[in-house]
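Peer 1: sequence unknown, structure follows:
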């Protein structure tokens, strides 16, 4: 497979992408991020910018969102700003404590390669809980449905089994492999 670039410097994202694309390199580019709750829209906007660079290698763009049922799907892709302002525990505490706070974590993974773009989504169901674990972002307060564990307290192998990034990254890998084979 060709060299693959990831348009992100997020360490959690990079670690998970490397499990699917071991030879991935980081693309250091200042991409503007459209403010939207829709992770697919955020990724599509970034893909447009990456496509304009006309790079010879496939470039992966990923964004994640957390849709909380009690807030009609908010904060979505804006979750980073909520965690930056409130902290992960503060995000969880923003909800009333009477009953479970269900949420869906979504990842949109997009690839631009040879002028073509494609986007895939993955979802993980869960709920917000008091923070557990050391992983960054909102992962310590997101307990994956049926596991009793937050993404933040899972070891890497378990996290890769449950992460919302896994399926779209695998789809991206297959898509890139088909395009690479067709070029030969």
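Peer 2: Arrived safely. Quick caveat: nothing in here was measured; it's all calculated off a predicted structure.
Peer 1: list the buried residues in the longest helix seen in the chain.
Peer 2: Counting residues, the longest helix in the chain under DSSP state H turns out to be helix 166-183. By 16 or more other CB atoms under 10 Å, the buried positions in helix 166-183 come out as 166-169, 171-173, 175-176, 179. Just so you know, the C-beta spots here come from the backbone N, C-alpha and C atoms, and that holds for glycine as well.
Peer 1: and that helix, what does it pack onto?
Peer 2: helix 11-20, strand 59-68, strand 101-113, strand 116-128 (3 or more CB pairs under 8 Å, 6 or more residues apart in numbering; DSSP states H and E).
Peer 1: ok and that helix relative to helix 11-20, angle-wise?
Peer 2: With axes from the mean of the first three to the mean of the last three CA atoms, to 10 degrees defining the directions, helix 166-183 sits at 50 degrees from helix 11-20.
Peer 1: pLDDT of helix 166-183, averaged?
Peer 2: For helix 166-183, the mean per-residue pLDDT is 93.
Peer 1: again with stretch 58-73
Peer 2: 95.
Peer 1: which one of the buried residues of helix 166-183 is nearest residue 111?
Peer 2: Taking CB to CB as the measure, residue 111 sits nearest to residue 172 out of the buried residues of helix 166-183, at 5.0 Å.
Peer 1: so the closest one touches residue 107, yeah?
Peer 2: No. With contacts counted by CB atoms under 8 Å, residue 172 stays clear of residue 107, the gap being 10.8 Å.
Peer 1: run through this protein and note the low-pLDDT ranges.
Peer 2: Across the chain, the ranges flagged by pLDDT under 70 are 1-2.
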